[in-house]
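1. Below is the sequence, then the predicted model.
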Amino acid sequence: MWNGMLDRVGKDWVRLLLLWLGGIDIGLTMLAVPPLLPLIHRDLHLDEKAVGALISLPVLLLGVASVAGSLVIAKLGLRGAIIAGLGLVAVFGALRGFGGSTPVLFSATFMMGAGVALTQPVFPSLVREWFPRRIAIATAAFSNGILIGETLPTALTTPVGVIALVHGDWRWALAFWSLVVVGSGIALALAAPRRPHGPATPVRWWPSWREGQAVRIGIVMGMASAAYFGANAFIPDFLDQTGRHSLISPTLAVLNAAQLLTAPAVALWPRILSGRYGFIGSSALMGAGQLGLVLAPGAGVLFFALVTGFASALAFIVALSLPPRLAAAGDVHRMSAAIFTTQYSIAFVLPLAAGALWDATGLALLAFVPGIFGAAVMAWTAMALRIPSIQHRAA
């Protein structure tokens with residue numbers, strides 16, 4: 001009996017580790033670009049609309065191709081979706097700098113974003129499959145992996161980090177991060193079941209738009225994601241334009257590392273995961289953080305970057321915990337696809353509009369106005385949410 005219990009505990013730890021590594025894979029290549037933007041900007045002569053599009057393009061794919069991710073899961077199973085999705089992420093994440101041209105950069109970014117989109121609906125299904133009675137713990141492992149994956153490139157792609165390792169070449173710096181995806185992707189594919197189990201083998205794939213307030217949750221989460229990706233896109237050139245170039249790397253590092261503070265916050269106040277409280281609190285902090293980024297002098301931007309990063313990540317963790325709790329067995333991927341499609345479509349449009357606003361007016365501070373507006377919309381929409389407690393699990 002004891003051997004069986006030890007085997008079970010060991011298997012659970014391995015699965016938590018794999019969920020954590022899978023989260024890292026999702027965030028790693030997407031956030032490798034912001035620290036390199038001054039170098040890319042210099043070599044390819046991108047305007048601010050192009051910068052906004054470069055950061056937002058994978059986000060758009062996360063919205064549009066999440067439907068395809070649900071289809072791939074239904075047809076190929078969880079293992080097939082992981083192989084297809086992470087394979088695209090690894091290959092095209094590395095190829096973004098090939099040839100050093102704008103068309104290659106954008107087309108490879110498009111394919112990499114498609115790979116992330118195919119993969120992301122897998123993980124809520126794996127959470128439900130592997131930890132049906134411990135959804136909060138499994139979601140925390142996966143979401144922490146995403147946050148670390150988003151933090152590592154911004155913290156380590158510095159003049160004394162990855163940039164030094166690749167002799168200042170942004171093309172090889174982008175390729176560097178794909179190596180991690182290859183190794184962990186293979187381990188995930190070997191461990192994942194072919195299909196999520198339920199009362200019957202799932203054959204449906206179209207997103208369940210009406211289930212569990214999916215669209216409303218997607219709108220709320222989309223506003224948080226737009227603020228986060230917009231901050232990553234515009235902070236480098238904003239600081240450069242305001243004479244604070246030396247603060248670019250530390251500000252991006254703080255913005256992304258602040259997300260790791262959400263784990264102790266959730267541990268101290270689990271009620272955050274009930275949905276409304278976490279979303280409304282996040283929206284207030286998110287609006288204040290972005291306003292501070294615009295108004296704070298000197299190194300004051302570091303504090304407000306911390307507030308913005310923490311707030312957007314808190315909303316993200318709350319949203320990730322909802323599909324395994326609310327969806328029926330075998331339908332987690334369908335509800336996830338509905339939420340992700342809504343969320344990331346919004347997260348694409350707002351930064352793109354922000355970049356266009358900057359270009360049209362020449363005022364860098366206006367690039368943060370859409371994100372502040374999004375925080376207000378997020379709070380208003382979250383007021384109508386009715387999310388059951390974390391103990392609830394759909395039958």
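-> Great, that's in hand.

2. Where does Phe110 sit: helix, strand or coil?
-> At Phe110 the chain is in helix, as set by DSSP: H, G, I helix; E, B strand; the rest coil.

3. Where does the closest residue to it other than its chain neighbours sit, in terms of helix or strand?
-> Of all residues not flanking Phe110 in the chain, Leu57 sits nearest, at 6.0 Å (CB to CB, 6 or more residues apart in numbering). Bear in mind the C-beta positions are built from the backbone N, C-alpha and C, glycine included. Here Leu57, judged by DSSP states H and E, is contained in helix 48-64.

4. Mind giving me the packing neighbours of that helix?
-> In this structure, helix 48-64 packs against helix 37-44, helix 102-119, helix 214-241, helix 332-361, with contacts taken as 3 or more CB pairs under 8 Å, 6 or more residues apart in numbering; DSSP states H and E.

5. what about the helix or strand following that helix, distance to the chain center?
-> Downstream of helix 48-64, the next assigned helix or strand under DSSP H and E is helix 66-95. Offset of helix 66-95 from its chain centre (CA atoms, centre = their mean, to the nearest Å): 16 Å.

6. With stretch 22-33 instead?
-> Taking CA atoms, centre = their mean, one finds the center of stretch 22-33 at 8 Å from the center of the full chain.

7. Span of it from start to end?
-> 20 Å (CA to CA, to the nearest Å).

8. Give me the below-cutoff pLDDT ranges for the chain.
-> 1-10, 48-49, 52, 55-56, 99, 158-160, 194-212, 266-277, 327-331, 387-395 (pLDDT under 70).

9. What ranges does the stretch 151-300 of the chain have for its helices?
-> Under the criterion DSSP state H, counting those that start in this stretch, the stretch 151-300 of the chain contains helices at 162-165, 170-176, 178-191, 214-241, 248-257, 262-268, 276-295.

10. Let me know which of those is the nearest to Pro35.
-> Nearest to Pro35 among the helices of the stretch 151-300 of the chain is helix 248-257 (5.8 Å), distances taken as CB to CB.

11. and the angle from the closest one to helix 37-44?
-> Computed by axes from the mean of the first three to the mean of the last three CA atoms, to 10 degrees, the angle separating helix 248-257 from helix 37-44 equals 120 degrees.

12. got the angle between helix 248-257 and helix 276-295?
-> In terms of direction (the same axes, to 10 degrees), helix 248-257 departs from helix 276-295 by 170 degrees.

13. distance between helix 248-257 and the chain's centre?
-> Relative to its parent chain, helix 248-257 has a centroid offset of 16 Å by CA atoms, centre = their mean.
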